[in-house]
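Undergrad: Just a sequence and a predicted model for now, questions to come.
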Amino acid sequence: MKNRLDLNFQLETAEERTQFINEYLPTLPFTLTQDEMETISNYILWGKNKAGRNIQQEGYVELKSWARQPVESLEALLEQPGFGETSF
């Protein structure tokens, strides 16, 4: 499924991201899927607080879905979502 969300990853704080989502959601011409709602919640949770730390760094939750895992082989690297030659 193609990513239909256009999230602003230039925003770093959870507060900025929450404000962005509050303004962005009413403009969507489609109904969000469960996966898209989870992506939005992770987008906010990964935002930093006033101390410059996200919710995982504060020890509140463990955000496994976007946490990088050590790559054991080239094949494993190629299978990672979001991998591109420009990031290599």
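TA: Sure, I can see it. None of the values given here were measured: they were computed from a predicted structure. Numbering: from 1, shown residues only.
Undergrad: CA atoms for contacts and neighbours, from now on please.
TA: Fine.
Undergrad: all helices of the protein, in order?
TA: In order along the chain, the chain carries the following helices (DSSP state H): 14-24, 34-45, 74-79.
Undergrad: Dump these to CSV, plus mean pLDDT, distance to Arg53 and mean neighbour count.
TA: Converted to CSV, those look like this (pLDDT from 0 to 100; distance: least, CA to CA, whole Å; neighbours: other CA atoms under 10 Å):
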stretch, mean pLDDT, distance to Arg53, mean neighbour count
helix 14-24, 94, 10, 16
helix 34-45, 89, 10, 15
helix 74-79, 66, 27, 11
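Undergrad: Thr31: what's it in contact with?
TA: With contacts taken as CA atoms under 8 Å, 6 or more residues apart in numbering, Thr31 has no neighbouring residues.
Undergrad: Ok, which of the helices of the chain comes nearest Ala51?
TA: Proximity of these to Ala51 was assessed by CA to CA; the nearest stretch is helix 14-24, lying at 11.4 Å.
Undergrad: Give me the helices and strands touching the closest one, please.
TA: Packing contacts for helix 14-24, counted by 3 or more CA pairs under 8 Å, 6 or more residues apart in numbering; DSSP states H and E, involve helix 34-45.
Undergrad: Tell me the helices and strands packed up against the helix it packs on.
TA: helix 14-24.
Undergrad: what's the angle from the helix it packs on to helix 34-45?
TA: 140 degrees (axes from the mean of the first three to the mean of the last three CA atoms, to 10 degrees).
Undergrad: CSV please, covering the helices of the chain and showing distance to Ala51.
TA: Supplementary listing: those in CSV, determined by distance: least, CA to CA, whole Å:
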stretch, distance to Ala51
helix 14-24, 11
helix 34-45, 14
helix 74-79, 33
